[in-house]
Structures are given as structure tokens and as C-alpha cells.
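# my questions are about this predicted structure, shown below with the sequence.
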Protein chains: 2
Amino acid sequence: MSKLRVESFTISLDGFGAGPAQNLNNPLGVGGTSLHGWAMATKTFQQRVFGGAGGEDGLDEDYAARGFENIGAWIMGRNMFGPVRGPWPDESWRGWWGENPVYHMPVFVLTNHPRAPLIMEGGTTFHFVTEGIHVALERAREAAAGKDVRIGGGVNVIQQYLREGLIDELHIAISPVLLGSGERLFEGIDLPALGYVCTSHAASSRATHIILSRR
Amino acid sequence: MSKLRVESFTISLDGFGAGPAQNLNNPLGVGGTSLHGWAMATKTFQQRVFGGAGGEDGLDEDYAARGFENIGAWIMGRNMFGPVRGPWPDESWRGWWGENPVYHMPVFVLTNHPRAPLIMEGGTTFHFVTEGIHVALERAREAAAGKDVRIGGGVNVIQQYLREGLIDELHIAISPVLLGSGERLFEGIDLPALGYVCTSHAASSRATHIILSRR
């Protein structure tokens, strides 16, 4: 059965999944990049995301790598796709990731504002879905053809899917940093009431990794 | 200089320092005791709190033990002292800890309702302070005679002292459990704005231990 998974989503010690005031220079909000120290060092991020060589093995790498295993489609929120708000002024914004994005598969972007699919190099196509989270999930599952669907974020999108009990598994990394404000991942979310338990817990020097699974 | 310290205060993965619905059978709220698995196993808790023998060494023990080092007085909220709310109906409630409590030093209990000091066996005296957190801290510092003052909890008391920037150091343990609701330790608290940074981060199989220090 195809699963809906959150992978490598990082929160601060005080629970925030992104810093405040996202803009072009701060895709993750002010201070948000400090969250991702654990991921930046890994072989998976160095090679797959930054297109270089090197990177470290170890616990952090194990978690980074599992996030890309058996994934057939992505879902993300419009704010993860870019800093543009409201109706698309034109088609010039093509994502944070250059002409050959890291996804190499269909990506479904939740938005209130229609836009034609955006075909990038390397197999990534951004599809803009205006009909809400259920339609996005249906389309992503179909595109994934039996593989799992990964939710990239951000906080608001994860919360919408959590509240409907649609996420099968979440890998969350807790980084040893404080953000102070921003979007709190578990704000207003009663995880036990929604059927989630912590099924795995391990830490490196850079992050604590937990797996939350739905019973 | 005498420090004001929070030690061995445990929160869940979703950020709660106590479960909902505290009562006589659930001093830490429903589900709250599951938070403290890491502490229960330690030599310090087995011997000092439960008065037995045994208990484990290791990282968890190191953190449990440091919580009792160089402490000369405690401060706690009235809800940590007991389940009685409102004016004291009589003097029958004498704390959760029996006639010889684990403190063995002066303990200052914040309350809105006056009560005479309660002298227990083994050196513990509960002083009831109705004049607020600053007076409680002054009295505790005086009683501690140069040693540090430890804040026991709960969440509300820690938040009051945090907002005033009065806490020098916090040891927080994050347990791999979900509570879903209750009192969230860092709700409405902007730690970086208050001058706090994470200065230490280590994990055992039972908890992630962090130290937050004020610059």
C-alpha cells in the first residue's frame, strides 16, 4: 500500500518548523536555515541536493537517505515552492531549485491560484492544484504508481494532512537550536488523539530523529 | 554568583511539560508520568527520591545528579505542591512526598493563599509565598546562602521566571512520547529574544538532554 510520508522535516527545540518572515533571501524564514545543519552535512544532501561530491555517512545520513527511498511523487505548499503570494503575476518564478530541481518526479503544489504545469529538466514537473489537499493526494498517488508520496511541507500543509489523519509516517528531526517564533509544527494538533505514537527515537550530535506512526 | 536553575524538567516531543487534568491520582496530569521514564531509571531517582538502592549510571544519571548539585533552596508552584486549588480548606495536605520529603532544604511555594510554614522531617520546610515570583526568589536566595536556587516547576512558574529573564540555566529533557495536550513549556515564550541559546545537546535511548543558557 502506498504511504503518505513526511521525511526530514526539521523543527527547533521550541517546536518551530520555519522561522518568521520568509522572503527571497530567507526561504525558511529568518534563522530557518540553522535548523538544517544535520542535513547539510550528509552525503544525500551534498550529492543529491547540491550536486557535489562528499558528505558524511552515519545516523543523519541514514535518515536523509530514507527520505528519498520509494518515493514516486511529492506534495508541497505554495510557500515552499516560492516567496510569491497571491495570484501569480507571471510565470517567471520557477522554484528555488534552478532549472533541474532535486525532485526528478511529479510535484504537486497546493495553491489557491491556478497555473499551468511547469515542466523542468530532469523529470520534475510542478503541477499546481487548487482543489485542496484531498485532490492533491489523489493525483499524487496516481502519479506515484504504487510508490509512496512525500509531503515536503511547510507546517501548514503538514497540519492539514495530519488533522485528516492522512499521514502514515513522519520523520521529524529536532535540531538543537531555538527559533523563538514562526510556525509551530504541532500547534493545535493532538497527535495521540489522531492515532500517532512515537515508534523510533535516535540522536546524533546534530539532531534527534523521531518517527511518528499512525496506529 | 548564585544561579537560578531549572533542572530535569521534562517535556514531550510535542512540547508539553505536563499532561491535562491533574488530580490526586495523576500528579503530572494524565499521561504525565510517561514523560519521566529516563529519570525513573537513574541511580539519583532510585536512591534519593524513592529511597531504595540500585538505579543506573550513564548519561541520564549524569543529568539527574547535576540537578541536585550545589542547590540551597527550591521554588515551586502551588500545583506542583499538590492538587488542592483555591484557599486551603485546612492544613491536611502536606505535599506529595510523605513526611520526609526529598528536598531536605527550604522550599518556597508560590500561592495566592497564605498558609503558615510547614516544617517536615529531614530538613524540608515549605514556605508559602503570596507576594509573587520576585519575593519568592529573594527569599530563596537568602535561604540558599550562596548556593543555587532550583525551580521545580510547573510550566506556569517556569514561564513567569523566563519572561523576566531571571533563569540562568535550564536543563530540559525531551522524552520520546506524545501528550497531545496539556501545558506547553515554551508557549508564547520567545527564547532567543530573551537571550537564551542552546549550549549543550546530548541524547540517551530514553531522552534528549539540552541545556539552555542566558547570554
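Looks like it arrived, so ask away.
# center of chain A, which residue is that?
Residue closest to the average C-alpha location in chain A (Cα atoms, centre = their mean): residue A:152, at 1.8 Å.
# tell me the secondary structure at that one.
The assignment at residue A:152 comes out as strand when based on DSSP: H, G, I helix; E, B strand; the rest coil.
# leaving out the residues flanking it, which one is nearest to it?
residue A:76 (3.9 Å; Cβ to Cβ, 6 or more residues apart in numbering or on different chains). (Glycine included, C-beta is placed from N, CA and C.)
# so where's chain A uncertain?
Within chain A, the set of residues satisfying pLDDT under 70 comprises A:19-32.
# what residues does it put near chain B?
Residues of chain A lying near chain B by Cβ under 8 Å from any Cβ of the partner chain: A:13-15, A:31, A:172, A:174, A:176-181, A:184, A:186, A:189-193, A:196-198, A:201-203, A:205, A:208, A:210, A:212.
# which among these count as buried?
A:13-15, A:31, A:172, A:174, A:176-181, A:184, A:186, A:189-192, A:196, A:198, A:201-203, A:208, A:210, A:212 (16 or more other Cβ atoms under 10 Å in any protein chain shown).
# next, the contact list for the residue in chain A positioned nearest to chain B, please.
Chain B sits closest to residue A:203 of chain A, with a gap of 3.2 Å, by Cβ to the nearest Cβ. Taking Cβ atoms under 8 Å, 6 or more residues apart in numbering or on different chains, we find residue A:203 in contact with A:59, A:209, B:202-203, B:208.
# quick one: it and residue B:203, what's the gap?
Using Cβ to Cβ, to the nearest Å, one gets 3 Å for the distance from residue A:203 to residue B:203.
# elements contacting the helix ranked longest in chain A?
In chain A, assigned by DSSP state H, the helix with the most residues is helix A:133-144. The criterion is 3 or more Cβ pairs under 8 Å, 6 or more residues apart in numbering or on different chains; DSSP states H and E, and the helices and strands that helix A:133-144 contacts are strand A:71-77, strand A:106-110, strand A:125-129, strand A:148-153, helix A:155-163.
# now with 7 Å, please.
strand A:71-77, strand A:106-110, strand A:125-129, strand A:148-153 (3 or more Cβ pairs under 7 Å, 6 or more residues apart in numbering or on different chains; DSSP states H and E).
# what's the closest of those to residue A:40?
strand A:148-153 (16.7 Å; Cβ to Cβ).
# what's in contact with the closest one?
Here strand A:148-153 makes contact (Cβ atoms under 7 Å, 6 or more residues apart in numbering or on different chains) with A:2-7, A:9, A:17, A:67, A:70-77, A:80, A:137, A:140-141, A:157-158, A:161, A:167.
# list buried members of those by neighbour count.
For the contacts of strand A:148-153, a neighbour count by 16+ other Cβ under 10 Å gives the buried set as A:2-7, A:9, A:17, A:67, A:71-77, A:80, A:137, A:140-141, A:157-158, A:161, A:167.
# show me what contacts residue A:15?
Residues in contact with residue A:15, defined by Cβ under 7 Å, 6+ apart, are A:184-186, B:15, B:186.
# these: which two are farthest apart?
Of all pairs drawn from these, the one with the longest distance (Cβ to Cβ) is A:185 and B:186, at 12.7 Å.
# show me the strands in chain A, by range?
Listed in chain order, the strands of chain A (DSSP state E) span A:4-11, A:16-18, A:71-77, A:106-110, A:118-119, A:125-129, A:148-153, A:169-174, A:183-184, A:196-203, A:208-214.
# right, so of those, which gets closest to residue A:42?
strand A:4-11 (9.3 Å).
# mind giving me the packing neighbours of the closest one?
So strand A:4-11, by 3+ Cβ pairs under 7 Å, 6+ apart, packs with helix A:59-66, strand A:148-153, helix A:155-163, strand A:169-174.
# run through who's touching the first one.
Spelled out, that is helix A:59-66. A:7-8, A:38-39, A:41-45, A:171, A:173, A:202, A:204, A:206-207, A:209.
# buried residues in that helix?
Result for helix A:59-66 [16+ other Cβ under 10 Å]: buried residues A:59-61, A:63-66.
# got the angle between it and strand A:169-174?
150 degrees (axes from the mean of the first three to the mean of the last three Cα atoms, to 10 degrees).
# gap between helix A:59-66 and the chain center?
The chain centroid and the centroid of helix A:59-66 are separated by 15 Å under Cα atoms, centre = their mean, to the nearest Å.
# can I get stretch A:114-127 in CSV, CA atoms only?
Extracted in CSV, the C-alpha atoms of stretch A:114-127 (Å, rounded to 0.1, in the frame of the first residue of the first chain):
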residue,chain,number,x,y,z
PRO,A,114,-4.3,28.3,-10.9
ARG,A,115,-1.2,28.0,-13.1
ALA,A,116,-0.3,25.7,-16.0
PRO,A,117,2.0,22.8,-15.2
LEU,A,118,5.7,23.7,-15.2
ILE,A,119,7.9,21.1,-16.9
MET,A,120,11.5,21.3,-15.7
GLU,A,121,14.7,19.5,-16.7
GLY,A,122,15.5,16.1,-15.2
GLY,A,123,12.0,14.8,-14.8
THR,A,124,10.5,17.3,-12.4
THR,A,125,7.1,18.7,-13.3
PHE,A,126,5.3,21.1,-10.9
HIS,A,127,1.5,20.7,-11.0
